[in-house]
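Asks: Got a predicted structure here, sequence first:
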Amino acid sequence: MFTEIRDITAFSKQEILALRIADNQQHFIETTSQCLAEAERDRHFTPLGLYKDNSAIGFAMYGVFPHDDQSQRIWLDRYLIDERYQKQGLGKYFLQQLIHYLTIKFNCAHIYLSVYDNNAVAIRLYQQFGFTFNGERDDKGEKVMVLEVCRHDNH
C-alpha cells in the first residue's frame, strides 16, 4: 500500500472537495469545502490531502498558533477519512502518520486537538494514541486533548 500526505494544490482541490463523511458524523466536523475556505482566510491553517495508492481518501488540517510569549501550539485541527474508506484501519494508520509528520515538521513536544464530548469514536481513537484531556475547551466548546510526543533534539 503506497500512502502519502500531500499539500493541496489547485490540481488536487477537486478530489479533496469530493471527500464525504458518513451521515452520523456530519455534526462533528466541517466539510472539506468549509475547511479549505477557512484555510484561505486564516493562514495559521494548512490543509493536507491523505492518499492511498494515489487516490484521495482523507483530509487533515493543522494549525500553528501562538500560545504565550514564548511558545506556540501545534493543532491537528481537522481529520477525516472518506466514508468509502472507513472501517479499514486507515483512520488509525493516518493518525499515526500525521503525528509523525507534525512532530518532525515542528519538532514539537505536544500536539493539540479538540473534540465534541459526544464523539465517542474519535475520543477512543485519540486516546489509543495517547491523547488525554487537559481540562481546556476551545472557542467552540469542544474539549481539548493533548499528546505529549518525543522531541527530536539534536543533542
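Replies: Sure thing, it's come through.
Asks: so what's the residue nearest to residue 108 when sequence neighbours are not counted up against?
Replies: Sequence neighbours aside, residue 74 is the residue nearest to residue 108 in space, at 4.6 Å (criterion: C-beta to C-beta, 6 or more residues apart in numbering). The C-beta positions use only the backbone N, C-alpha and C, and glycine is treated the same way. Residues near residue 74 by C-beta atoms under 8 Å, 6 or more residues apart in numbering: 62-64, 102, 106, 108, 110-112.
Asks: Report the mean per-residue pLDDT for the helix or strand where residue 74 lies.
Replies: Using DSSP states H and E, residue 74 maps to strand 72-81. Mean pLDDT, strand 72-81: 93.
Asks: After it, which helix or strand is next?
Replies: Toward the C-terminus from strand 72-81 - assigned by DSSP H and E - lies helix 90-106.
Asks: report the longest strand in the chain, please.
Replies: strand 55-66 (DSSP state E).
Asks: Specify the angle between it and strand 72-81 in degrees.
Replies: Inter-element angle recorded for strand 55-66 and strand 72-81: 160 degrees (by axes from the mean of the first three to the mean of the last three C-alpha atoms, to 10 degrees).
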